[in-house]
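**Student:** Sequence first, predicted model second:
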Amino acid sequence: MVVQIRRQTLALIVPNQRYLHEIRTYDGRQLRSHWIYETTGIQGDAIVAFQGEADVRGENLVDLADQRAGLFIAGKSMLHFIAESFGPDLVRAVFMQRLLVLITAEQLYLKGVKELSRTGDDLYVGSGKLSVSIATVSAVSCLVHFGVNLSTEGTPVKTACLEQLGVDARQFATDVLTGFVREIDSMSRAQTKVRSVP
């Protein structure tokens, strides 16, 4: 019996980016294919950021463990990032998610934030949880939501927030968007300058 193993490749297309000025609530329904296109007119791989409340419950929770435990995501004011890359590949979605988390951590370090730590796809300042995140796939694309607390109001667990850290949300969003796109561009170019080996 011959078993064929399909090698997964991380095909990278440099995404478009945009900061959305409208305040909007993130309730989980935005984490679907073509939401960015329908909202902004940007077609293809993209990442957007916007500010607003978070209220994700019940069937809108993508994390099955959270859903089974009856947990929910809530916060009165968060900075949300949604990324979409076409081609349904959960491995690539998780890589994108972790890259976004690491770019965010890097930007916070550059701004002098102390006591910052990462556990998987979560960022903490001291014992306060700074972010929430999920990566999944639709029938046609990889999808990531990453939220950073702007305030601690309305959060169901102990949290940290950008307000406490003295970080301007809009400038920070721009820095993260730019860093994410720049890193993917660098990774894409790195693939074109090497030869194969035996």
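**Tutor:** Cool, got the structure.

**Student:** Make sure residue 16 is actually in contact with residue 42.
**Tutor:** Yes - at 4.9 Å, residue 16 counts as touching residue 42 under the criterion of CB atoms under 8 Å. For every residue, glycine as well, the C-beta is placed using N, CA and C.

**Student:** pretty sure residue 18 is in a strand, no?
**Tutor:** Yes - remark: residue 18 belongs to a strand, assigned using DSSP: H, G, I helix; E, B strand; the rest coil.

**Student:** okay, it: pLDDT?
**Tutor:** Note for residue 18: predicted pLDDT of 97.

**Student:** What is the three-state secondary structure of the nearest residue to it once chain neighbours are set aside?
**Tutor:** Of all residues not flanking residue 18 in the chain, residue 48 sits nearest, at 5.0 Å (CB to CB, 6 or more residues apart in numbering). Of the three states, residue 48 takes strand under three-state DSSP.

**Student:** Repeat that for residue 147.
**Tutor:** Recorded secondary structure, residue 147: strand (three-state DSSP).

**Student:** Low-confidence bits of this structure, can you list those?
**Tutor:** Residues of the chain meeting the criterion pLDDT under 70: 1-11, 59-61, 63-72.

**Student:** 90 instead?
**Tutor:** Applying pLDDT under 90 to the chain picks out residues 1-14, 55, 57-74, 114, 156, 188, 191-196, 198.

**Student:** what sits against residue 133?
**Tutor:** By CB atoms under 8 Å, 6 or more residues apart in numbering, residue 133 lies in contact with 97, 100, 101, 121, 122, 144, 145, 146, 147.

**Student:** quick one, longest strand in the chain?
**Tutor:** strand 73-86 (DSSP state E).

**Student:** Distance from the chain centre to it, please.
**Tutor:** Relative to the mean C-alpha coordinate of its chain, strand 73-86 is positioned 7 Å out (CA atoms, centre = their mean, to the nearest Å).

**Student:** Give the buried residues for that strand.
**Tutor:** Of the residues in strand 73-86, 73-75, 77-86 count as buried by neighbour count, 16 or more other CB atoms under 10 Å.

**Student:** I'd like the residues you listed laid out as JSON lines, including distance to residue 185.
**Tutor:** Output for the buried residues of strand 73-86, formatted as JSON lines (distance: CB to CB, whole Å):
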{"residue": "73", "distance to residue 185": "31"}
{"residue": "74", "distance to residue 185": "35"}
{"residue": "75", "distance to residue 185": "31"}
{"residue": "77", "distance to residue 185": "31"}
{"residue": "78", "distance to residue 185": "27"}
{"residue": "79", "distance to residue 185": "23"}
{"residue": "80", "distance to residue 185": "23"}
{"residue": "81", "distance to residue 185": "17"}
{"residue": "82", "distance to residue 185": "19"}
{"residue": "83", "distance to residue 185": "14"}
{"residue": "84", "distance to residue 185": "17"}
{"residue": "85", "distance to residue 185": "14"}
{"residue": "86", "distance to residue 185": "17"}
